[in-house]
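In: dropping a prediction and its sequence here:
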Amino acid sequence: GGVENSRNEPLKKDKPKWKSDYPMTEGQLRSKRDEFWDTAPAFEGRKEIWDALKAATVALECNDHELAQAIVDGASITLPHGSLTECYDELGSRYQLPVYCLAPPVNLISERSDEDPGDSPEPTAAPKKEFQLKVRLSTGKDLRLSASMADSIGQLKKQLQAQEDIDTAHQRWFFSGKLLTDKTRLQDTKIQKDFVIQVIVNPQAPIN
């Protein structure tokens, strides 16, 4: 019995084009997405599938199509239409992502922050701007690190080690359900100033 959902298309590269009922700012889009990710997993489906889907949308936002496909495959998620708008896990449960989680609307209003009105929107050209990065440790402690977008996770681990005396080898940094490698720079993670990075602290070194 049941509908056999054996169709599985590779993830399409093109992002869905859609128009919001009203022009949306980047901040409104972010909070709409956050709201979805905060509520959807609470109702149905498995948390690890939602986490994988969220990580896949983050990868797609970074135009890392291969990573998104790998995340989907790794979680045994099937896409009957090659789109994350409709997905099934291996148990046949259905997951639907709203289009606003997959692409910004065509009528997105780009928010220019007051600090740099004349700044080019290219993140690569941005000067080294320090901001307070929020970090939440698995021990339950919240703290802030002085960071700039060009900093790598490796550098920030050293900073956390200096500040909190946690060996860099015992730190696992996660953002949006994705493990951040030492070589990753903050600007690659699409992090915003008020986002929080989770740091899992392993008290003892992993036994290899």
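Out: Cool, got the structure.
In: show the average pLDDT along the host helix or strand of residue 59.
Out: In this structure, residue 59 sits in helix 47-61 according to DSSP states H and E. When pLDDT is averaged along helix 47-61, the result is 94.
In: next one: stretch 94-108
Out: The model assigns stretch 94-108 a mean pLDDT of 94.
In: re earlier: residues touching the helix holding residue 59, excluding its own?
Out: Contact with helix 47-61 is made by 11, 15, 37, 40-41, 65, 67-68, 71-72, 74-75, 77, 84, 87, 89, 93, 95, 97, 101-102, 176-178, 190, as judged by CB atoms under 8 Å, 6 or more residues apart in numbering. The C-beta positions use only the backbone N, C-alpha and C, and glycine is treated the same way.
In: cool, and stretch 143-150?
Out: Residues outside stretch 143-150 that contact it (CB under 8 Å, 6+ apart) are 123, 126, 128-135, 137, 156, 159-160, 163-164, 185-187.
In: just the buried ones from the residues you listed, in PyMOL syntax?
Out: Selection of the buried residues among the contacts of stretch 143-150 in PyMOL, burial being defined by 16 or more other CB atoms under 10 Å:
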select buried, resi 131+133+134+135+137+156+159+160+164+185+186
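In: ok so, going back, restrict the helix holding residue 59 to CA atoms and write it as PDB.
Out: Extracted in PDB, the C-alpha atoms of helix 47-61 (Å, rounded to 0.1, in the frame of the first residue of the first chain):
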ATOM      1  CA  LYS A  47      14.600  17.000  13.300                       C
ATOM      2  CA  GLU A  48      17.600  15.600  11.500                       C
ATOM      3  CA  ILE A  49      15.800  15.800   8.100                       C
ATOM      4  CA  TRP A  50      14.800  19.400   8.800                       C
ATOM      5  CA  ASP A  51      18.400  20.200   9.800                       C
ATOM      6  CA  ALA A  52      19.600  18.700   6.600                       C
ATOM      7  CA  LEU A  53      17.100  20.600   4.500                       C
ATOM      8  CA  LYS A  54      18.100  23.800   6.300                       C
ATOM      9  CA  ALA A  55      21.700  23.200   5.700                       C
ATOM     10  CA  ALA A  56      20.900  22.500   2.000                       C
ATOM     11  CA  THR A  57      19.100  25.800   1.600                       C
ATOM     12  CA  VAL A  58      22.100  27.600   3.200                       C
ATOM     13  CA  ALA A  59      24.400  25.800   0.700                       C
ATOM     14  CA  LEU A  60      22.200  26.800  -2.200                       C
ATOM     15  CA  GLU A  61      22.200  30.400  -1.000                       C
END
